[in-house]
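Chemist: Could you look at this predicted model? Sequence included:
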Amino acid sequence: MEKSIDLIVVLWNTGVISAIAIWAIRLLQAHTKNQRLKVLESYAGQAVSDVKDPANVTDDEMQVATIKLISLINQSGLKLKVPEDQAQALLKGAVNGLKSLLKVA
């Protein structure tokens with residue numbers, strides 16, 4: 001038992017435990033960011049679901065989709081602030097996804 005405590009003290013004093021803790025925190029943060037991005041991409045897909053022709057998205061459709069996306073984000077409780085330009089980038093990605101699905105079908 002005493003050897004285990006001595007080992008823990010040595011690891012603590014050399015910074016190994018701190019390094020492992022920092023690595024684990026960074027890994028968890030990256031995973032969390034990845035999950036948030038997947039949720040945002042899902043919301044963008046929902047927001048562009050009303051687009052009639054993904055090959056020719058009108059400015060009005062994009063504006064409606066932007067409002068819908070921001071509304072979905074606000075209702076989600078994610079507590080994210082997504083600027084309009086980032087929202088439109090997410091929507092463009094979703095529209096491109098629709099285009100590729102239509103080419104396959």
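Modeler: Perfect, thanks for sending it. Small disclaimer: the values here were computed from a predicted structure and weren't measured.
Chemist: and Leu101, how many neighbours?
Modeler: Residues lying near Leu101 (other C-beta atoms under 10 Å) number 10. The C-beta positions use only the backbone N, C-alpha and C, and glycine is treated the same way.
Chemist: In contact with it, which residues are there?
Modeler: By C-beta atoms under 8 Å, 6 or more residues apart in numbering, the contact set of Leu101 is empty.
Chemist: quick one: buried residues of the longest helix along the chain?
Modeler: Counting by DSSP state H, the longest helix found in the chain is helix 16-47. Within helix 16-47, the residues scored as buried using 16 or more other C-beta atoms under 10 Å are 40, 43-45, 47.
Chemist: Quick one: mean pLDDT over that helix.
Modeler: Averaging pLDDT along helix 16-47 gives 80.
Chemist: Make CSV from the buried residues of helix 16-47 and add distance to Ile70 to it.
Modeler: CSV is the format used below for those (distance: C-beta to C-beta, whole Å):
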residue, distance to Ile70
Leu40, 11
Tyr43, 9
Ala44, 11
Gly45, 15
Ala47, 9
